[in-house]
Each structure stands twice: as structure tokens, then as C-alpha cells.
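> sequence unknown, structure follows:
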């Protein structure tokens, strides 16, 4: 079990995952959860902190507190994405983002799609230093990725458990998806809803897929990546039909992928390097004294073996 938990991975994969996660945190602040800053206009009496907020305890959000957290977290997340000071910046981002989420989720609604992301932020500082493209393997980085993977799969499995615990078998045969389509469905969802019993079949399929999600750990590498691809396709359909985004969960799920192969900066350098060089003018002396142009070899090709390059 210990060997499985600490299975070594390339440091380049850890570096790529770290960059992606911290860039997502920065994007989350300005794209997905900027509404958290509006919580300061809500009366303090409505702030019902989560259990962790009561245990610490954390102060009731004020405009100053939320503004400081927003700008500090944004700056530190962008710095952490560079890979510098992974422990210091990693722990700082983890603490600030946890407080950001406590503020967001302490007004009556708790989103379960951020569990994997929070776990990733908690374990990345333990992975140590890692550089993009580094092929040396690290057990500390492997443990960080494995724990994140477990959190991602627990999100699925425990979601099915919650459905059956609170909704019972009626969740499978009820009108859960029908209500979701009425509230926030798209034109594609309206077309699907017209097919008899298709929504009921989809509800059975959702619970089955969530309960069977731990199987991903027992599959060979190729089939494991295929199953992760199915996970992503499931969320693509979810967004396309009922416009529910699981963006933080999808970011954490990249812990399953061989991210060390994705190197956009290297690809960009290679693309720039393939541009043809600008033609250079020939000095007058070489024009007068050089060999006849028709006798020169074509391009960069070497001359035929056994024959001179010139006339």
C-alpha cells in the first residue's frame, strides 16, 4: 500500500501540475468566484461559518479582510505558479484559499467540486522542488499526486453515497434531471428531455458511474487514461446540457495525466526556431571571386560522396 501511495513520478509532471493548479487559483478568483467579494454587503448575522471556521475560529468577513485576501492570494498564486519557494508560497496559497472558500461556503451553500483542489493545495508544498521537463522521479511528488487522485475519486463516490443517503432510490427514479433542465437547461437538454425514459436511464447511469469510479485505480495505464477521458466527457455533457461547471474538480483531475509531455514553451521555441532565416547579401568580393552559383550544392544538402562540391 505504501509503495502504491508513493509511486515515483517524473518531477516534470509535478512541476506542470503545480503550475496548472496555482494558475487555476488565480483564474478562480477573477472568473469563477469573484462573487465572494460581494459577501461583505450581506449582514454579518447571516454568516454561518463551516465547522472548520468555528473551530479555528475565524473572524466574520469584512470588506477589508476580503479585499486583502483577494489581492494577496492573487499575487501569491501567480508567484507560486513559477515554482519558486514551493513550500513557503504553497502553504501561503493553501491557507488563503481555504479562508476564501470558508467565506464563500458559509452562507448556506457548499460546493463539493472543490474538495480535490483543496487537497491538491494542501499536499503540493510537500512535493519539494520540481522543474519543467525534469525526468528524474520523485516519491514525494508521487504521493502528492496520488493523494489528489484519491480526493478526486472520493468526490465521485461520496456524491453517489449522498444521493442514495438523502434521496434514496427515489433519486434514481425521480425527476432530478428534469428539474435541473427546467431551471438551467440548454437547447440540447430540451432535445434530450423529449426522449422517453432517457433522463431516468441517465440518473441510473450517473450513480453507477460514481460508485464504480474507484475502479480507475485498478486499470492498466492505457485504460486508466481512457476512463479519465470518460470523466472529462461526462462533465463536458453536464456543461452542455445543464450548464453546471466542475472547473476546480477538472483542474485537480489532471493529476491523472502525464502532464510532463505538455510543454507549450518548448513547442513555441521550436516553432520560432523553424522560421526560415532572412537572406543575407553576398559581399562583392565573393561575387567576383566565388565559384559559379550553378556549381554549388542545393540548400544544406551535402555533396554526393566521392564528388567535389565545386566544378
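The structure has been received and is ready for your questions. Values in this document were obtained by computation on a predicted structure and should not be read as measured data.
> In three-state terms, label the residue sitting nearest the centre point of the chain for me.
With distances taken as Cα atoms, centre = their mean, residue 251 lies nearest the centre of the chain, 2.0 Å away. Put simply, residue 251 is helix when judged by DSSP: H, G, I helix; E, B strand; the rest coil.
> Give me the spatial nearest neighbour of it, chain neighbours excluded.
residue 24 (4.4 Å; Cβ to Cβ, 6 or more residues apart in numbering). From N, CA and C alone the C-beta is placed, and that goes for glycine too.
> show me the contacts for the one you found.
Residue 24 sits next to 117, 247, 248, 251 when contact means Cβ atoms under 8 Å, 6 or more residues apart in numbering.
> one more time with 10 Å, if that's ok
By Cβ atoms under 10 Å, 6 or more residues apart in numbering, residue 24 lies in contact with 31, 32, 77, 81, 117, 120, 247, 248, 250, 251, 252, 254.
> how about those in JSON lines, adding distance to residue 46?
Shown next, in JSON lines, are those (distance: Cβ to Cβ, whole Å):
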{"residue": "31", "distance to residue 46": "25"}
{"residue": "32", "distance to residue 46": "22"}
{"residue": "77", "distance to residue 46": "28"}
{"residue": "81", "distance to residue 46": "34"}
{"residue": "117", "distance to residue 46": "26"}
{"residue": "120", "distance to residue 46": "30"}
{"residue": "247", "distance to residue 46": "26"}
{"residue": "248", "distance to residue 46": "24"}
{"residue": "250", "distance to residue 46": "31"}
{"residue": "251", "distance to residue 46": "30"}
{"residue": "252", "distance to residue 46": "30"}
{"residue": "254", "distance to residue 46": "36"}
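> where does the protein dip in pLDDT?
274-311 (pLDDT under 70).
> in which helix or strand would I find the residue nearest to residue 251?
Here residue 24 sits within helix 11-27, counting by DSSP states H and E.
> Counting by contacts, list what the following helix or strand past that helix packs against.
On the C-terminal side of helix 11-27, the nearest following helix or strand under DSSP H and E is helix 51-55. Here helix 51-55 touches helix 86-104, going by 3 or more Cβ pairs under 10 Å, 6 or more residues apart in numbering; DSSP states H and E.
> tell me the angle of the helix it packs on relative to helix 11-27?
40 degrees (axes from the mean of the first three to the mean of the last three Cα atoms, to 10 degrees).
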